[in-house]
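Student: Please find the sequence and the predicted model below.
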Amino acid sequence: MTGKRVFRRVLSVAKPYRWQAIASIVALVLAQLIEVALVPLLVAGVLGAIIESGNPLGAGMQAGLWERLKAIVGVRLDSAGARVHWLLVFAAFMMAAYVVRAFLLFVYLRLGQKVSQRVMHDLRGLLFARLLRLSLSFHEGRRTGELMSRTTADVSLIQNLVGLQMADAVASVTGIASGLGLMLLMSPVLTLFALFVGPLTAFVITRAGTRMREITRAVQERQAELSARLQERLSSIKEVQSFVREDYEDRQFGDLNRRTLNANLRSARLGALLYPGVELLSMTAMVVGIVLAGWLVLQHRMGSPLLLSIFMIGQRVGSYATHVGRMNVAIQQGLAAAARVFEIVDSEPHVRDAPDAAPLPRVAGEVAFDRACFAYGNGPQVLKDVSLTVRPGEVVALVGPSGAGKTSMANLIARFYDPSEGKVLVDGRDLRHVTLASLRSQIGLVPQDITLFSGTIEDNIRYGGLEATHEEIVAAARAANADQFIEALPDGYRTEIGERGVRLSGGQRQRISIARTILKDPRILILDEATSSLDTESESLVQEALDRLMTGRTTFIIAHRLSTVRRADRILVLSDGRIVQEGTHAELMSTPGLYRRLYERQFADSDREAPAQANQAQPAGWSASAAEAPSAAEET
């Protein structure tokens, strides 16, 4: 995206606040004009009349200008008393000018900050809303820390751009133009020299700004990478410490931190070269200008008060030129950040509502796959020509080795992905032609890795039904076998559970998740390894809660532990993306095939685990040899 296009996009975000932004810019422009034009004119005219007799502006064209100024003022300056009187009037004018300028600066800062804060608020909300609606494939390809960096650091740079920097740059350019115009009226020779230096300065600023935008993008990418690694490692601190990888992670973070430092140093180096460079050009112009002005005074073509006025204006013009250089660097940094933000804002979800999508009414729960095929991106197909029909209220188990396509089938049902070929239907309606919200509102997902949010237990259960009353939340918790342990907590349902529910056990988190799903009251239920990581007691409580949850709902159970699927109405055995067997547990066990081999192997492993566990549980006098326990554990 080009710089001009990004700039237009930034302006479009600020459009609702355009009048406040314009008022801020006008206030700053007027304040700059007071400083660059009014004050030097007062100094030249009034002090010139006090210090010198005759025409303080010098000979030639300026003489007529001076006479007109005296006529407008309407005071005689031919006595000491009149000059003192005018000196006091001059001081009053100067104070009034600076009071007005201070008020204008207040208006500029107040409105500029207001615009910048509102634009940051809107842009951050726009970015978050887009992230929420982008498909699962997008989030699986991005790191959370990187997205967080774009939502915080990048948006903050844009805030500075639209708030004060843009107005500052406009006002500085206006100050340069008005100052040069006034100088041209006072001394064409000096002004023409300044106009010769101006384009050279503008060229340096433009080239440096382009380079700065490139460097800033690299800096933001390094910072996003740093943020992503920091977020990942801190959220997985238990794994880091359990594998004793503190030194390793410290070294890895140090390398990334150094790369980020080097990128920032390149940005700082360019800025360090640009600011003195522009100032050197300005000061060089001033030195040469002093020589030219001195020659004009010696030739009696210019008065010394006018020379003072011109140098006051020239100093401000040079200061504004240096300031524009700094602003250009900051603006380029803001544009680079904006490009990264709009890259996300402009992203389209791969899975979205079709133009003709209609809301899905309350469903009976029939789910059908019609010759469905699916692949992740450009990878190999993970589902190949899958066809089946699941009746309303039927409990279907999906089993098979890892990578067989079980979770992919569940993802297609919830329409986290669309099939590359064929279709998936609910109650006979193609999921591509119903709205996502109406579909997913009727699907409940209970995964193995439960995600709870920081807040209270009640807040987390209410996530399944935002309008639920406390009584309904308690009823859902009771049905999920969670009410007893919740009531035993010091604050009951108002207990804070910490980030991701770290203050609860795995079984407790799972039961809260089930309560949340009960409150949602879905017609179709997907249980993805819901009990695989629980101890025996917790599994019993969770399984009892799941049995209540599954009643009357079409249920898909994904499980590696085959003991949990024996009560399913139907078991589908997947291998290499295809359904290779289908039937009840008894039917599949009576027929040689993949299911029986998996089942027998799994229970054979369990039988080998038992002696090892018993050996560990025996007192010191247990007679088994010390070598047997490692052997059993090894087989496990």
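Tutor: Received, thanks. Numbering: from 1, shown residues only.
Student: got the domain boundaries for the protein?
Tutor: The chain breaks down into these structural domains: 3-345, 356-442+522-591, 452-521 (assignment by automatic domain parsing).
Student: how about TSV for those domains, with mean neighbour count and mean pLDDT added?
Tutor: Backbone N, C-alpha and C define where each C-beta goes, glycine included. Written out in TSV, the entries for these read as follows (neighbours: other CB atoms under 10 Å; pLDDT from 0 to 100):
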stretch	mean neighbour count	mean pLDDT
domain 3-345	17	72
domain 356-442+522-591	18	87
domain 452-521	19	85
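Student: among those, which is nearest Glu600?
Tutor: Evaluated over the domains of the chain, closeness to Glu600 peaks at domain 356-442+522-591, with 8.9 Å, by CB to CB.
Student: Quick one: distance of that closest one to the chain centre.
Tutor: The gap between where domain 356-442+522-591 is centred and where its chain is centred comes out at 34 Å by CA atoms, centre = their mean, to the nearest Å.
Student: Quick one: end-to-end distance for that domain.
Tutor: Distance between the boundary residues of domain 356-442+522-591 (CA to CA, to the nearest Å) amounts to 47 Å.
Student: Also stretch 448-466?
Tutor: For stretch 448-466, the first and last residues are 24 Å from each other (CA to CA).
Student: Show me where the chain has its strands.
Tutor: Here the chain has its strands, by DSSP state E, at 367-375, 381-390, 395-399, 421-426, 429-430, 443-446, 524-528, 554-558, 570-575, 578-583.
Student: mind putting the domains of the chain in TSV, distance to Leu598 included?
Tutor: Formatted as TSV, the domains of the chain follow (distance: least, CB to CB, whole Å):
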stretch	distance to Leu598
domain 3-345	28
domain 356-442+522-591	6
domain 452-521	24
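Student: show me the contacts for the residue nearest the centre of the chain.
Tutor: When the chain is reduced to its mean C-alpha position, the closest residue under CA atoms, centre = their mean turns out to be Thr151, at 1.8 Å. Contact analysis of Thr151 by CB atoms under 8 Å, 6 or more residues apart in numbering lists 124, 127-128, 131.
Student: How much space separates it from Val542?
Tutor: Summarising the geometry, the distance separating Thr151 from Val542, computed by CB to CB, to the nearest Å, is 35 Å.
Student: Ok, Ala477 next?
Tutor: Separation of Ala477 from Val542 (CB to CB): 13 Å.
Student: With Ile497 instead?
Tutor: When distance is defined by CB to CB, Ile497 is 17 Å away from Val542.
Student: Check Glu366 too.
Tutor: Taking CB to CB as the measure, Glu366 falls 27 Å from Val542.
Student: Equivalent analysis for Pro188, please.
Tutor: In this view, Pro188 and Val542 are 89 Å apart by CB to CB.
Student: The strands of the chain: which one's closest to Pro359?
Tutor: strand 429-430 (10.7 Å).
Student: who touches the closest one?
Tutor: 360, 423-424.
Student: Check stretch 153-165 too.
Tutor: 10-11, 13-14, 21, 109, 112-113, 115-117, 119-120, 123-124, 127, 220, 223-224, 227, 327, 330-331, 333-338, 340-341.
Student: Distance to Leu161 added to the strands of the chain, as a markdown table?
Tutor: Output for these, formatted as a markdown table (distance: least, CB to CB, whole Å):
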| stretch | distance to Leu161 |
| --- | --- |
| strand 367-375 | 42 |
| strand 381-390 | 45 |
| strand 395-399 | 51 |
| strand 421-426 | 45 |
| strand 429-430 | 46 |
| strand 443-446 | 41 |
| strand 524-528 | 45 |
| strand 554-558 | 48 |
| strand 570-575 | 53 |
| strand 578-583 | 55 |
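Student: and Tyr463, which of these is closest to it?
Tutor: Comparing these by their distance to Tyr463 (CB to CB), the top pick is strand 443-446, with 12.2 Å.
Student: what lines up beside the closest one in the sheet?
Tutor: Counting by DSSP bridges, the strands paired with strand 443-446 are strand 524-528 (parallel).
Student: Just the C-alphas of the strand it pairs with, formatted as PDB.
Tutor: Coordinates of the C-alpha atoms in strand 524-528 are reproduced here as PDB (Å, rounded to 0.1, in the frame of the first residue of the first chain):
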ATOM      1  CA  ILE A 524     -25.700 -30.100  18.200                       C
ATOM      2  CA  LEU A 525     -22.900 -31.000  20.500                       C
ATOM      3  CA  ILE A 526     -19.200 -31.600  19.800                       C
ATOM      4  CA  LEU A 527     -17.100 -33.200  22.600                       C
ATOM      5  CA  ASP A 528     -13.400 -33.100  21.600                       C
END
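Student: Contacts for that strand, please.
Tutor: Contact partners of strand 524-528, identified using CB under 8 Å, 6+ apart, comprise 363, 365, 367, 407, 410, 413-414, 426, 442-448, 517, 546, 549-550, 553-559.
Student: and what of stretch 413-423?
Tutor: When contacts are taken as CB under 8 Å, 6+ apart, the neighbours of stretch 413-423 outside the stretch itself are 135-137, 350-351, 367, 369-376, 381, 383, 385-387, 408, 411-412, 424, 426, 430-432, 436, 439-440, 443, 445, 524, 526, 556.
Student: repeat for stretch 113-127
Tutor: 13-14, 16-17, 20-21, 24, 150-151, 155-156, 158-160, 162-164, 341, 344-345.
Student: how close does Asn160 get to Gly334?
Tutor: In this structure, Asn160 and Gly334 are separated by 6 Å, where distance is defined by CB to CB.
Student: ditto for Met183
Tutor: Met183 sits 32 Å away from Gly334 when distances are taken as CB to CB.
Student: next one: Leu109
Tutor: Taking CB to CB as the measure, Leu109 falls 18 Å from Gly334.
Student: next one: Met312
Tutor: 32 Å.
Student: Same check on Glu421?
Tutor: When CB to CB is applied, the distance between Glu421 and Gly334 equals 45 Å.
Student: thinking again about what came up before, closest one of the contacts of Thr151 to Phe453?
Tutor: Phe128 (15.1 Å).
Student: Could I get the contacting residues of the closest one?
Tutor: Phe128 sits next to Thr151 when contact means CB under 8 Å, 6+ apart.
Student: Val155 versus that one, what's the distance?
Tutor: 10 Å.
Student: now Val317
Tutor: As for Val317, its distance to Val155 is 34 Å (criterion: CB to CB).
Student: Ok, Leu11 next?
Tutor: According to CB to CB, Leu11 stands 16 Å off from Val155.
Student: Then Leu105?
Tutor: The spacing between Leu105 and Val155, counted by CB to CB, is 26 Å.
Student: Which strand residues bridge Phe369?
Tutor: With DSSP bridges as the rule, Phe369 is bridged to Leu388, Val424.
Student: was I right about it contacting Leu431?
Tutor: No. Applying CB atoms under 8 Å as the test, Phe369 and Leu431 come out as separate, 10.7 Å apart.
Student: list residues touching both of the two?
Tutor: 424-425.
Student: Can you list the residue ranges for helices in the stretch 501-636 of the chain?
Tutor: Read by DSSP state H, counting those that start in this stretch, the stretch 501-636 of the chain holds these helices, from start to end of the chain: 506-520, 536-550, 585-589, 594-617, 628-635.
Student: other SSEs contacting the second one?
Tutor: Contacts defined by 3 or more CB pairs under 8 Å, 6 or more residues apart in numbering; DSSP states H and E place helix 536-550 against strand 443-446, helix 470-479, helix 506-520, strand 524-528.
Student: Mind checking the ones you listed for the one nearest to Met94?
Tutor: Nearest to Met94 among these is helix 470-479 (68.8 Å), distances taken as CB to CB.
Student: Just name whatever secondary elements the closest one is in contact with.
Tutor: Where contact means 3+ CB pairs under 8 Å, 6+ apart, helix 470-479 is packed against helix 457-462, helix 483-488, helix 506-520, helix 536-550.
Student: again, only this time at 6 Å
Tutor: Helices and strands touching helix 470-479, by 3 or more CB pairs under 6 Å, 6 or more residues apart in numbering; DSSP states H and E, are helix 457-462, helix 506-520.
Student: picking that back up, for Arg597, find the nearest of the domains of the chain.
Tutor: Among these, domain 356-442+522-591 comes nearest to Arg597, with 10.2 Å by CB to CB.
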